[in-house]
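[1] here is the input, now give the coordinates:
(2 chains)
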Amino acid sequence: MIRRTILTAALLGSCLCGAQAQKSSKERIEAFAKLPDWSGLWEFDVYVGESVGQEVSPEGLRKENAYAAAMRPTFNPGWQPKYDQAKKAYEDSVAADPNQPEAGLPPCAVTPFPATMGPGFFQWRVTPEEATLISSQNNTVRHIYTDGRPHPSADELWPTSEGNSIGHWEGDTLVIDTISISNPYIVLVAEPFQFAFAAGPLSNALHAIERVRMVNHDEMQIELTVDDPIALAKPIHITITHERVKNFDRMEDTRDADCDTATDRNPVVNGRFTTIVKPAPATSAEPPK
Amino acid sequence: MADSTTAPRRPSPAARGASRSPSYYGKSVLNILIGVVAILGANSAFAHHSHAMFDSEKEVTLVGTVKEFQWNNPHCWIQLLVPNSDDPKAEPVEWAVEMGAPIQLLRHGWKPSSLKPGDKITVVVNPLRDGRPGGQIVSAIGPDGKPIGAAPETNK
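    Residues are numbered from 1 along each chain as shown, chains lettered A, B, ... in the order given. Have a look, this model is predicted:
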């Protein structure tokens, strides 16, 4: 009797599991079919047509200046001194070495949020549970969870470069909600960093909403709204355009091979890129035999 | 959680730099076989950021021999030996020509095998402002007399 009960329970369980797996698989396939096709490579419109030396085109420069103007922040009076202090610190570092007016990152640091306004290629991986944005610049990855979960509770949340992102679909538009960004600036990744091309510093109360949609086969638009009641007198709102990359379909990381400032051609010393003479890296242009 | 007031670290690794040949220190005569061409800046309303170290209003044409072609992240480099036409007995000047990341070069039609040590090439650069022998590449002509790579428009 007991053995029969156990056997019956086992058969019943397997039938239920099988039915559940088939149902979720079917549902998942149906969910996939409803998602937009964002496949391919994309690039920020500022960098379309950049030269082999990374020189932005005249049209790209015009767009860059337009973005910079659109994201210029209006700070709350109580926050303005923080901006002034940060800007002065930056300007002092420039004055100390005019040939290297850059506050540098270690070679392998990721591009911070939103990581959508920089050189290189972008690639979306969209599933029912998550949309993933991959950038070739420093192999930066953003995870946007679309499975209905909320942001983590405060005791499970800590600030990161990309923040914590959740999203939902409104038709073909992905709406992304991001919080918990460490050291937040909204940076138009111009080289080098300049306050003319950044909005910040911002506070840990920063809350960003992005509305992402494919306008047509060759254009993606990201409407970014950045709200920060502590730092900003009013939200920042810009529309970022990505264009489809044609005739090229390969992603590669652009970070220094060994992330070692000792061998990097452009090492960071005291937070500044330098022009210290370095020996040529061991990697050569010779293809492997 | 402390509020941030420090300037952010620049996210991109693509910084500017120049290699100084061990044989070159201090001032020396820059050997430019074809003259410096001054060009007008495209937009002077905002100083263009990516030329902070390079003079975007100058182009220098270098004719020399490839010492090394470095296919590396975050920048590829051409180390170019440029002879001193004023003094043939003098050591050639080693110029460091900075380029984009390998994947960016590939998109422009360059390959790791595009240059080899010993290749005689012509390179146009925006030179370093401080006068050291370095620059950001504008274009290059290979040993066969043909342009290396393709203009960005051909990839659209």
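[2] tell me where chain B has strands.
    Assigned by DSSP state E, chain B shows strands spanning B:34-38, B:58-70, B:77-82, B:93-98, B:120-127, B:134-141.
[3] just the ones you listed: most buried one?
    Comparing the strands of chain B by mean neighbour count (mean count of other C-beta atoms under 10 Å in any protein chain shown), strand B:93-98 comes out on top with a mean of 25. (Each C-beta comes from the backbone N, C-alpha and C, glycine too.)
[4] with just CA atoms, put that strand into PDB.
    Extracted C-alpha coordinates of strand B:93-98, given in PDB (Å, rounded to 0.1, in the frame of the first residue of the first chain):
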ATOM      1  CA  VAL B  93      63.500  60.300 -34.900                       C
ATOM      2  CA  GLU B  94      61.000  57.700 -33.500                       C
ATOM      3  CA  TRP B  95      57.400  59.000 -33.800                       C
ATOM      4  CA  ALA B  96      54.600  57.400 -31.800                       C
ATOM      5  CA  VAL B  97      51.400  57.500 -33.800                       C
ATOM      6  CA  GLU B  98      48.300  56.800 -31.800                       C
END
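[5] pLDDT on that strand, on average?
    The average pLDDT for strand B:93-98 rounds to 92.
[6] what angle do it and strand B:120-127 make?
    Relative orientation of strand B:93-98 and strand B:120-127, computed by axes from the mean of the first three to the mean of the last three C-alpha atoms, to 10 degrees: 70 degrees.
[7] now check strand B:93-98, is it near chain A?
    Yes. Counting by C-beta under 8 Å from any C-beta of the partner chain, chain A has neighbours in strand B:93-98: residue B:98.
[8] list the helices and strands that strand packs on?
    Judged by 3 or more C-beta pairs under 8 Å, 6 or more residues apart in numbering or on different chains; DSSP states H and E, strand B:93-98 is in contact with strand B:58-70, strand B:77-82, strand B:120-127, strand B:134-141.
[9] where does the stretch 101-250 of chain A have low pLDDT?
    A:101-108, A:189-193 (pLDDT under 70).
[10] let's see 80
    The model of the stretch 101-250 of chain A has pLDDT under 80 over residues A:101-110, A:188-197.
[11] where along it do the strands fall?
    Taking DSSP state E, counting those that start in this stretch to define them, one finds strands in the stretch 101-250 of chain A at A:122-126, A:130-135, A:140-145, A:164-170, A:173-179, A:186-187, A:198-199, A:207-216, A:219-227, A:236-244.
[12] turn these into JSON lines, columns for distance to chain B and mean neighbour count.
    Below are the strands of the stretch 101-250 of chain A laid out as JSON lines (distance: least, C-beta to the nearest C-beta, whole Å; neighbours: other C-beta atoms under 10 Å in any protein chain shown):
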{"stretch": "strand A:122-126", "distance to chain B": "12", "mean neighbour count": "19"}
{"stretch": "strand A:130-135", "distance to chain B": "10", "mean neighbour count": "20"}
{"stretch": "strand A:140-145", "distance to chain B": "8", "mean neighbour count": "19"}
{"stretch": "strand A:164-170", "distance to chain B": "14", "mean neighbour count": "18"}
{"stretch": "strand A:173-179", "distance to chain B": "12", "mean neighbour count": "20"}
{"stretch": "strand A:186-187", "distance to chain B": "6", "mean neighbour count": "24"}
{"stretch": "strand A:198-199", "distance to chain B": "7", "mean neighbour count": "25"}
{"stretch": "strand A:207-216", "distance to chain B": "15", "mean neighbour count": "17"}
{"stretch": "strand A:219-227", "distance to chain B": "13", "mean neighbour count": "18"}
{"stretch": "strand A:236-244", "distance to chain B": "9", "mean neighbour count": "18"}
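[13] ok, residue A:125 - contacts?
    Taking C-beta atoms under 8 Å, 6 or more residues apart in numbering or on different chains, we find residue A:125 in contact with A:131-132, A:134.
[14] as CSV, the residues you listed with distance to residue A:205 would be great.
    What follows is the contacts of residue A:125, written out as CSV (distance: C-beta to C-beta, whole Å):
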residue, distance to residue A:205
A:131, 25
A:132, 26
A:134, 28
